[in-house]
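Asks: the sequence isn't on hand, but the structure is:
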């Protein structure tokens, strides 16, 4: 299990603990956890933000970024339930419980409970990428611009990108520079140690040469002045304002918002301009 996934599971464990305390079931054991309890936990995941002010002591040690502030999306809840499902599957396979509460739901209801719905991927078009490349940006956004453009060239996850440096660059027999790395998210799930090898396109090579592959902005990914937030500011300055759909769970309709409002490191992964490698 990768470090990032382990942290995600710890977050779900904390959520489960808070839910059981609030529901008055903190002493329940896995054998007594029913499909009804599972549905209650699912509802709690969706609407945990409603409990933060009611039970402040339960959230005293929770990091600000992990405190629920709004209703969770269907995909996030489904992702967190899959971690709980893996736990109960493990217990069932070891004969520690007779039947997982997920199987007690029945196939049709389980499909509804675990349903995920993904939007079409959002990425920069060629003209938009060139617009970012050629834009003159404020000094405080230059480091973000450099990092953003290089990540677009690699199409890698930000967890891998922040660990990159000159040490992962090599040159092929044909004289083509490339980066090589083992993706951290899937490293422990692989049978071997297969590396991703991505040729470095010219513009990215020039940025790396100028910056020596040093992007301090990556030290802070999620803060108000972090990388993801700065990407939104960068795209706004570059006038990347094409309207893109964002699904609204409440209305069950798409809202169309300027692309700069949803910009993040994930946009780099979807944009990935290197046509010599396939991604996802």
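Replies: Done, it's in. These numbers were taken from a predicted model, which means no experiment stands behind them.
Asks: what average pLDDT does stretch 57-64 get?
Replies: Across stretch 57-64, pLDDT averages out at 88.
Asks: any idea how far apart the tips of that stretch sit?
Replies: Its start and end residues considered, stretch 57-64 measures 14 Å (CA to CA, to the nearest Å).
Asks: neighbouring contacts of that stretch?
Replies: Here stretch 57-64 makes contact (CB atoms under 8 Å, 6 or more residues apart in numbering) with 14, 18, 21-22, 51-52, 67. Where you see a C-beta, it was placed from the backbone N, CA and C, and this is true even at glycine.
Asks: one more time with 6 Å, if that's ok
Replies: Under the criterion CB atoms under 6 Å, 6 or more residues apart in numbering, residues 18, 52, 67 lie in contact with stretch 57-64.
Asks: nearest to residue 230, of those?
Replies: Taking CB to CB as the measure, residue 230 lies nearest residue 67 of those, at 22.4 Å.
Asks: list the contacts for that closest one?
Replies: Residues in contact with residue 67 (CB under 6 Å, 6+ apart) are residue 59.
Asks: now residue 216, what are its backbone angles?
Replies: phi -60, psi -20 (degrees, to the nearest 10).
Asks: near it, how many other residues are there?
Replies: Counted with other CB atoms under 10 Å, the neighbours of residue 216 add up to 10.
Asks: make residue 1 into 276 and carry on from there
Replies: Renumbered: residue one is now 276, and that last one reads residue 491.
Asks: which residue packs closest to it, ignoring adjacent ones?
Replies: Nearest non-adjacent residue to residue 491, counting by CB to CB, 6 or more residues apart in numbering: residue 418, 6.4 Å away.
Asks: ok, residue 374 next?
Replies: Leaving aside its sequence neighbours, residue 374 sits nearest to residue 367 (CB to CB, 6+ apart; 6.6 Å).
Asks: does the one you found touch residue 377 like I think?
Replies: No: using CB atoms under 6 Å, residue 367 is not in contact with residue 377; the gap is 9.3 Å.
Asks: could you tell me the end-to-end distance of stretch 434-449?
Replies: Stretch 434-449: ends 30 Å apart by CA to CA.
Asks: so which bits of that stretch are buried?
Replies: If you call a residue buried by 16 or more other CB atoms under 10 Å, then stretch 434-449 has these buried ones: 435-437, 439, 443.
Asks: now it: mean pLDDT?
Replies: 94.
Asks: so what touches that stretch?
Replies: Residues outside stretch 434-449 that contact it (CB under 6 Å, 6+ apart) are 279, 426, 452, 454-456, 458-459, 488, 493.
Asks: among those residues, which lie within helices?
Replies: Secondary structure from DSSP state H places 279, 426 of the contacts of stretch 434-449 in helices.
Asks: which of the contacts of stretch 434-449 lies closest to residue 534?
Replies: When these are compared against residue 534 (criterion: CB to CB), the nearest one is residue 426, at 16.4 Å.
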